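A.B. asks: Provided below for reference: sequence and predicted model.
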Amino acid sequence: MTKSFTCVDMGKDCAWSTRANNVYDLMQRISWHAEHKHDIKEIPEKLKEKIKVSIRDV
């Protein structure tokens, strides 16, 4: 099942969203976005857990 994520769901003032076929690929895309748009070089474990909770099935 396709997975989706948006920065808005994390409380960010950022309209970016993405989709992928699985959580692993989605997290890769989220990591790239976090680094290049929010200057987060490595996502802390606590933030990863919040991200995983906000991932939706589409």
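C.D. replies: Done, it's in.
A.B. asks: what sits against residue 58?
C.D. replies: 1, 2, 3, 4, 19 (Cβ atoms under 8 Å, 6 or more residues apart in numbering). All C-beta atoms are positioned from the backbone trio N, CA, C, and that covers glycine.
A.B. asks: chain center to the lengthiest helix in the chain, what's the gap?
C.D. replies: When the chain is parsed with DSSP state H, its longest helix is helix 23-38. Relative to the chain's own centre, helix 23-38 is displaced by 6 Å; criterion: Cα atoms, centre = their mean, to the nearest Å.
A.B. asks: give the other helices and strands that it contacts.
C.D. replies: Applying 3 or more Cβ pairs under 8 Å, 6 or more residues apart in numbering; DSSP states H and E, one finds that helix 23-38 contacts strand 3-6, strand 17-20, helix 45-54.
A.B. asks: contacts for that helix, please.
C.D. replies: Contact with helix 23-38 is made by 3-5, 7, 12, 14, 16, 18-20, 40-41, 43, 48, 51-52, 55, as judged by Cβ under 8 Å, 6+ apart.
A.B. asks: just the helices and strands packed on helix 23-38: most buried one?
C.D. replies: strand 3-6 (a mean of 18; mean count of other Cβ atoms under 10 Å).
A.B. asks: average pLDDT across it?
C.D. replies: The average pLDDT within strand 3-6 is 98.
A.B. asks: for stretch 24-41, same thing?
C.D. replies: Averaging pLDDT along stretch 24-41 yields 97.
A.B. asks: please identify the buried residues of stretch 22-31?
C.D. replies: Within stretch 22-31, the residues that count as buried by 16 or more other Cβ atoms under 10 Å are 26, 27, 30, 31.
A.B. asks: if we can go back for a sec, adding distance to residue 35, write the contacts of residue 58 out as a markdown table.
C.D. replies: Listed next are the contacts of residue 58 as a markdown table, based on distance: Cβ to Cβ, whole Å:
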| residue | distance to residue 35 |
| --- | --- |
| 1 | 27 |
| 2 | 23 |
| 3 | 20 |
| 4 | 20 |
| 19 | 19 |
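A.B. asks: from residue 2, how far out is residue 55?
C.D. replies: Residue 55 is 11 Å from residue 2, where distance means Cβ to Cβ, to the nearest Å.
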